[in-house]
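1. quick check, what structure comes out for this input:
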Amino acid sequence: MVIHLLGKAKKIRPSDCQKCRNKGKRNGEIGKTCLDCFLDGQPLQFVEYRESNPPHEVIKTATDLLEHNGFGRYNVFANNCEDFAAYLQNKICH
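-> Predicted structure coming up:
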């Protein structure tokens, strides 16, 4: 499963996916889907951070933000999915 920041235009339909069914979730601007729904036919891209929180901390922070809708409203210029990923990795937004 992938926890990610969505814009209002991004629709997730976990009930339509056999992998996401009953596991997908959306809380405000944050969503949780399977990798296939997240990629939506696009290639997977990796970003390496010089400094990064341990994986268990990244997952815990993402889950907490999902449960409490705590990352704020999506903005393509100031609060987007790259900001969300950077925050999860090292608790700072760029």
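2. quick one: neighbours of the nearest residue to Gly7 once chain neighbours are set aside, just the number.
-> Spatially, and ignoring its direct neighbours in sequence, Gly7 is nearest to Tyr74 (4.3 Å; C-beta to C-beta, 6 or more residues apart in numbering). Every residue, glycine included, has its C-beta placed from N, CA and C. A total of 20 residues lie near Tyr74 under the criterion other C-beta atoms under 10 Å.
3. show me the longest helix that occurs in this protein.
-> helix 55-68 (DSSP state H).
4. which is the next helix or strand following that one?
-> helix 81-90 (DSSP states H and E).
5. can you give me the offset of that following helix from its chain's centre?
-> 9 Å (C-alpha atoms, centre = their mean, to the nearest Å).
6. same check on stretch 49-61?
-> With C-alpha atoms, centre = their mean, you get 13 Å for stretch 49-61.
7. end to end on that stretch, go ahead and measure it.
-> Taking C-alpha to C-alpha, to the nearest Å, stretch 49-61 runs 17 Å from one end to the other.
8. tell me what the one helix or strand in the chain whose mean pLDDT sits lowest is packed against?
-> When each helix and strand of the chain is scored by mean pLDDT, DSSP states H and E, strand 25-27 comes last, with a mean of 73. Contact analysis of strand 25-27 by 3 or more C-beta pairs under 8 Å, 6 or more residues apart in numbering; DSSP states H and E lists strand 30-33, helix 55-68 as its packing neighbours.
9. which of the ones you listed sits closest to Asn80?
-> Among the helices and strands packed on strand 25-27, strand 30-33 comes nearest to Asn80, with 12.5 Å by C-beta to C-beta.
10. in its sheet, what does the closest one sit against?
-> strand 2-5 (antiparallel), strand 25-27 (antiparallel) (DSSP bridges).
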